[in-house]
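Student: pasted the sequence and its predicted model underneath.
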Amino acid sequence: MKKSTPFYQIRLRMKQLCLSFSFLFSLTIFATDYHVGPNESLTTISEVPWTTLLPGDNVYIHWKATPYKEKWVINRSGTLSNPITIIGVNGPQGEQPVIDGNNAVTVSNVNFWNENRGVIKIGGSSVPSDGLPSHIIIENLEIRSGRPPYQFTDQNNQIKDYVNNAASIYVEKAKNLIIRKCTLHDSGNGLFIGAFNGETQDVLIEKNYIYDNGNVGSIYEHNTYTACINITYQYNHFGPLRSGANGNNLKDRSAGLVVRNNWIESGNRQLDLVDAEDSQVLVDHPSYHTTYVYGNILIEPNNAGNSQIIHYGGDSGTTSIYRKGTLYFYNNTVISTRTGNTTLILLSTNSETAEVFNNVIYTAALGSTFAMIDNTGVFNTHHNWIKTGWVNCHCGTPSGTINNLGNIITGTDPLFVDFSNQDFKLTTISPLINQGGTLPSLLLTNNNITSEYVKHQENTTRVVLNALDIGAYEYNSSLSSPNQTLQNKVTVYPNPFKDSFLIELDREVLDQVILYNHIGQKIIASNTTEINTTELNSGMYYLTVFTKSGSKTTKKIIKL
């Protein structure tokens with residue numbers, strides 16, 4: 001006969017189940033969506049509870065016909081799987097919501113310092129209580145007009161001036177920050193990121209349009225000015241600075257810097273990669289002495305400031321803290337339309353080294369107007385295409401060392417598809433095809449050539465059939481690139497959506513669709529044109545549409 005379970009054991013088991021349920025319940029994330037805009041539950045940005053945002057919360061700022069004249073601080077933290085996300089929802093013609101710093105009013109429910117440094121600030125406040133904001137995503141907003149002579153109304157209802165080095169986005173400190181698909185312009189700095197004693201770490205700047213920043217006559221403000229530990233710039237479109245501004249396009253003082261697959265046009269220099277002048281933590285960091293720049297299109301117009309494309313090393317004058325390491329510069333497309341001299345790299349001292357390979361460097365002027373280095377440094381070069389007649393240095397005999405390791409191709413024309421319209425992909429008879437050198441093994445894990453830039457602010461897989469091609473574009477990349485015609489043939493509606501959405505194709509046959517979440521995880525794969533999303537959380541997703549003709553395109557969609 002089976003024995004019955006003693007009562008005390010039943011009670012113990014029930015208690016264990018209750019504790020387990022309580023534990024699981026405590027792990028549940030109850031995220032909240034906040035919608036701001038005309039016809040939304042919140043009409044002003046000030047109504048968002050910025051002081052109490054929790055992991056997984058999403059703030060949707062919907063487009064309206066007039067700009068939002070509000071400014072605020074973000075100083076809360078999400079998690080890796082549940083970030084705090086601030087997302088702009090486009091207007092009927094694809095217009096981004098505009099956050100305008102000119103005559104903006106600081107929102108009423110926060111208290112923070114350095115209000116005059118930015119339109120949107122991240123980190124540094126007393127309300128919410130100060131901490132290290134982390135796992136924050138800011139996406140799809142146009143943020144503008146943080147500079148003199150613009151003014152704003154502060155949290156004490158006083159009218160104040162922006163300082164010269166104010167920014168559209170000013171990051172005092174943050175960790176695990178993503179700034180994606182934003183338009184940053186008409187400010188002192190489009191983006192400013194401070195190291196904050198090394199606390200600012202792990203930043204991704206992706207698919208933004210950054211232009212028209214800087215102050216007239218000043219060399220101290222830039223399209224971006226950043227310093228932190230581990231920062232990656234990818235797929236961004238950097239345009240010219242404000243007319244009359246003398247700053248650089250991308251200026252950085254970070255440890256662990258990667259600049260890949262960007263379009264960077266004009267500026268005093270396209271890249272100014274110098275010393276961490278105010279952070280010994282960054283100088284001492286192991287990644288401070290290695291920098292990666294690859295897959296970029298760097299364009300130097302005529303009369304656009306300094307004749308140097310890149311500066312690597314330092315500018316503080318304290319040479320002991322200069323980068324004193326290696327710049328890996330490979331598979332870039334460098335274009336100069338200057339009528340006078342162009343210099344590729346200024347290496348600050350002979351302790352800086354540049355490994356330069358697989359680049360196409362085209363100058364509209366005579367080849368003799370192009371020089372590799374300014375004077376100092378160690379410059380190792382191979383497998384580049386350069387216009388016939390190039391020189392080591394315009395200085396005569398440089399004090400640095402230039403090591404030509406071979407396979408330098410010279411000519412008069414790299415045979416781009418359409419130079420006048422800035423289409424720098426390769427024609428079928430380009431001398432750049434299959435002429436690149438094999439990448440060193442140390443680059444293959446984290447800095448391999450796997451993508452290329454798509455005009456503008458997009459990317460595609462780089463398909464290498466034989467040897468690498470020289471430059472930022474692979475000849476056969478068109479086989480896998482997003483079909484721009486297909487973009488116009490695919491419609492997703494409604495968008496934003498609630499429980500489902502439809503895919504409509506014009507003169508194309510659907511093969512498959514794949515839905516990804518905002519961190520790139522595959523969520524749904526289907527071969528139907530109606531997708532049910534009732535089990536998905538609210539937020540931003542990416543839908544890739546494949547057709548029977550072999551084309552594909554990706555669209556951003558939002559679930560309410």
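Tutor: Nice, I can see it.
Student: from here on, contacts and neighbour counts on C-alpha atoms
Tutor: OK.
Student: can you give me the end-to-end distance of stretch 62-80?
Tutor: 25 Å (C-alpha to C-alpha, to the nearest Å).
Student: show me what counts as buried in that stretch.
Tutor: Residues 62-64, 67-78 are the ones in stretch 62-80 that count as buried (16 or more other C-alpha atoms under 10 Å).
Student: neighbours around His35, how many?
Tutor: 24 (other C-alpha atoms under 10 Å).
Student: residue ranges with poor pLDDT in this protein?
Tutor: In the predicted model, the chain carries pLDDT under 70 at residues 1-29, 477-485, 518-521.
Student: all helices for it, in order.
Tutor: 7-27, 280-284, 441-444, 484-489 (DSSP state H).
Student: circling back to that earlier point, among the buried residues of stretch 62-80, name the ones in strands.
Tutor: 62, 70-74 (DSSP state E).
Student: wait, doesn't Val509 sit right on Lys548?
Tutor: Yes. Using C-alpha atoms under 8 Å, Val509 is in contact with Lys548, at 5.6 Å.
Student: what's the overlap in contacts for the two?
Tutor: Residues touching both Val509 and Lys548 (C-alpha atoms under 8 Å, 6 or more residues apart in numbering): there are none.
Student: do you know how far Gln201 is from Glu221?
Tutor: 22 Å.
Student: quick one: which of these two has more around it?
Tutor: Relative neighbour count places Glu221 above the other of Gln201 and Glu221, with 28 against 22, counting by other C-alpha under 10 Å.
Student: ok, that one to Ala276 distance?
Tutor: According to C-alpha to C-alpha, Glu221 and Ala276 sit 16 Å apart.
Student: Leu184 now?
Tutor: Using C-alpha to C-alpha, Leu184 is found at 24 Å from Ala276.
Student: Phe196 now?
Tutor: Counting by C-alpha to C-alpha, the gap from Phe196 to Ala276 is 11 Å.
Student: neighbour count winner among those two?
Tutor: Set Phe196 next to Ala276 and count neighbours by other C-alpha under 10 Å: Ala276 wins out with 27 against 18.
Student: and the more buried one, what does it touch?
Tutor: Ala276 makes contacts with 227, 253-254, 282-283, 321-322, as judged by C-alpha under 8 Å, 6+ apart.
Student: same thing but 7 Å
Tutor: By C-alpha atoms under 7 Å, 6 or more residues apart in numbering, the contact list for Ala276 reads 253-254, 282-283.
Student: how close does it get to Val258?
Tutor: 16 Å.
Student: then Gln457?
Tutor: As judged by C-alpha to C-alpha, Gln457 and Val258 stand 17 Å apart.
Student: ditto for Thr32
Tutor: 34 Å.
Student: do the same with Tyr542
Tutor: Tyr542 sits 24 Å away from Val258, going by C-alpha to C-alpha.
Student: same check, this time on Tyr475
Tutor: If you measure Tyr475 against Val258 using C-alpha to C-alpha, the figure is 24 Å.
Student: repeat that for Leu177.
Tutor: Going from Leu177 to Val258 by C-alpha to C-alpha gives 15 Å.
Student: neighbour count for these two, which is higher?
Tutor: Taking other C-alpha under 10 Å, Leu177 and Val258 do not tie; Leu177 has more neighbours (24 against 21).
Student: so the more buried one touches Pro133, yeah?
Tutor: No. Assessed by C-alpha atoms under 7 Å, Leu177 is found out of contact with Pro133, at 8.6 Å.
Student: dump the residue contacts of the closest residue to Gln457 other than its chain neighbours.
Tutor: Closest residue in space to Gln457, ignoring its immediate chain neighbours: Lys207 at 4.5 Å, by C-alpha to C-alpha, 6 or more residues apart in numbering. Going by C-alpha under 7 Å, 6+ apart, Lys207 touches 180-181, 234-236, 457-458.
Student: what is the burial count for the closest residue to Asp506 other than its chain neighbours?
Tutor: Spatially, and ignoring its direct neighbours in sequence, Asp506 is nearest to Lys489 (4.9 Å; C-alpha to C-alpha, 6+ apart). Neighbour count of Lys489, defined by other C-alpha under 10 Å: 14.
Student: what distance do you get for Lys489 to Ile523?
Tutor: 24 Å.
Student: one more: Tyr34?
Tutor: Using C-alpha to C-alpha, we find Tyr34 at a distance of 24 Å from Ile523.
Student: now swap in Leu405 and tell me
Tutor: On the measure of C-alpha to C-alpha, Leu405 and Ile523 end up 48 Å apart.
Student: do Asp57 as well
Tutor: In terms of C-alpha to C-alpha, Asp57 sits 20 Å off from Ile523.
Student: compare these two (neighbour count), which wins?
Tutor: Asp57 (22 against 13).
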